[in-house]
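[1] Just to be clear, the model below is a prediction. Sequence and coordinates:
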Amino acid sequence: MAVKGHLLDVDDLRREDLERILETARSFSEVLRRPIKKVPSLRGKTVVNLFYEPSTRTRLSFEVAAKRLSADVLNFTASASSVEKGESLKDTALTLRAMGVDAVIIRHPVAGAPCLLRRWLDVTVINAGDGMHAHPTQALLDLFTMRERLGDMEGATIAYVGDILHSRVARSGMKACRAAGMRVVAVAPPTLMPPAVPDYVEVSHSFDAVIPRCDVIYMLRIQKERQQEARFPSLEEYARLYQLDKERLRKAKPGVVVMHPGPMNRGVEISSEVADAPHAAITAQVSAGVAVRMAVLFLLLGGGEGGGVLA
Ligand code: NCD
């Protein structure tokens, strides 16, 4: 891959890298449907989950992915470690290096932390979400899910809706969708729209106006933990204009795909009925997460040479 053993954001990937990851993920999704879901590709490799922020899906999914590839997995959660005693990221990195790990998967509240880690460590670094900056494996699993549902994505329209300002999912996702030839619309109230968006992104403040032309509607969580001040009058008011509910879904194309990275605030950005409707690909996203992260680990850690099932 072009990324030389790291995955910090989707800009690191050329179109052929994207294709290769999605293809490899498809083979792994077949492995995951077998009765024995484990392959020996990364036997003898050690992967560390270094998580400085809460996470359910992403951490579990990386852990399952690494285990399905037969790697050894260490889980490091900031609150249960010396970080609470003030250990710096650099010292933690040096400790991991001294232990001889092969890859570090890092989630951190500060944008750029994975990049610093890459400088200090000579092992594979994978960004599992850094501040409001990037979340490349989420973008890849979203592309995988869209391709499964839509087939060819060239020319399809996706709207990212909601708290775009604070969303690393939207930042990486928009780049990945663009690379796949999609049209990208950003829908949010002015207070939740970043001051600058890339020139290929169309901006709209009216969800109702955008819905009928979407092939994919991607709902984002209101990130209360990242909002220093109130960005809208009330959650009710926000929901009235930007919640994807049954009435709004009725105005969408019949085959529209509804996505959300989780965790969802049911009743805020998405109604419970819509979250559980057949249009929703939200659990498919979670399943795709394991296959895509297996592909990323396999390709970055050079499992190919080891003669795994895909070799
Ligand atoms: C997202 C994250 O943490 O960036 N969730 C995830 O990775 N599944 C989105 C969010 O927290 O809203």
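    That came through, no problem.
[2] Please make it C-alpha for all contacts and neighbour counts, starting now.
    Fine.
[3] For the closest residue to the ligand within the stretch 101-250 of the chain, what is the enclosing helix or strand?
    Residue nearest to the ligand within the stretch 101-250 of the chain (Cα to the nearest ligand atom): R221, separated by 4.6 Å. R221 is part of no helix or strand, with elements assigned from DSSP states H and E.
[4] and it, how many neighbours?
    22 (other Cα atoms under 10 Å).
[5] swap in E247?
    E247: 9 neighbours (other Cα under 10 Å).
[6] a helix runs through it, doesn't it?
    Yes - residue state for E247 (DSSP: H, G, I helix; E, B strand; the rest coil) corresponds to a helix.
[7] what about the protein, any weak spots by pLDDT?
    Low-confidence segments of the chain (pLDDT under 70): 1-4, 80-81, 83-86, 303-311.
[8] How about the residues of the protein by the ligand?
    R57, T58, G129, R168, V169, R221, P261, G262, P263 (Cα under 6 Å from any ligand atom).
[9] These in helices, which ones?
    The helices, defined by DSSP state H, take in R57, T58, R168, V169 from the residues of the chain next to the ligand.
[10] which helix is the longest one in the protein?
    helix 282-300.
[11] Output the contacting helices and strands for that one.
    Packing partners of helix 282-300 (3 or more Cα pairs under 8 Å, 6 or more residues apart in numbering; DSSP states H and E): helix 15-31, helix 57-68, helix 136-150, strand 257-259.
[12] List the buried residues in that helix.
    Burial within helix 282-300, assessed by neighbour count using 16 or more other Cα atoms under 10 Å, is assigned to 282-300.
[13] What angle do helix 136-150 and that helix make with each other?
    Angle, helix 282-300 to helix 136-150, by axes from the mean of the first three to the mean of the last three Cα atoms, to 10 degrees: 120 degrees.
[14] Need the residues that contact helix 282-300.
    1, 4-6, 21-22, 24-26, 28-29, 32, 41-42, 57-58, 61-62, 64-66, 68-69, 124, 137-138, 140-142, 144-145, 258-262, 275, 304 (Cα atoms under 8 Å, 6 or more residues apart in numbering).
[15] picking up where we left off before, of all pairs in the ones in helices among the residues of the chain next to the ligand, which one is the farthest apart?
    Checked with Cα to Cα, these reach their widest spread between R57 and R168, with 15.4 Å between them.
[16] Those two - which one has more neighbours?
    Ranked by neighbour count (other Cα under 10 Å), R57 and R168 place R168 first, with 21 against 16.
[17] wait, doesn't that one sit right on Q138?
    No - in this structure R168 lies outside contact range of Q138 using Cα atoms under 8 Å: 9.3 Å.
[18] Break the chain into its domains for me.
    6-135+286-300, 137-284 (automatic domain parsing).
[19] got a list of what T191 touches?
    Contacts of T191 by Cα under 8 Å, 6+ apart are R231, F232.
[20] go with 7 Å
    R231 (Cα atoms under 7 Å, 6 or more residues apart in numbering).
[21] Contacts only, for D130.
    R107, H108, P109, V110, A111, G112, A113.
[22] Drop anything exposed from those.
    Neighbour counting with 16+ other Cα under 10 Å marks R107, H108, P109, A111, G112, A113 as buried within the contacts of D130.
[23] related to what we said a few turns ago, which among the contacts of helix 282-300 end up buried?
    1, 5-6, 21-22, 24-26, 28-29, 32, 41-42, 57-58, 61-62, 64-66, 68-69, 124, 137-138, 140-142, 144-145, 258-262, 275.
[24] how far is the longest helix of the chain from where the chain is centred?
    Relative to the mean C-alpha coordinate of its chain, helix 282-300 is positioned 10 Å out (Cα atoms, centre = their mean, to the nearest Å).
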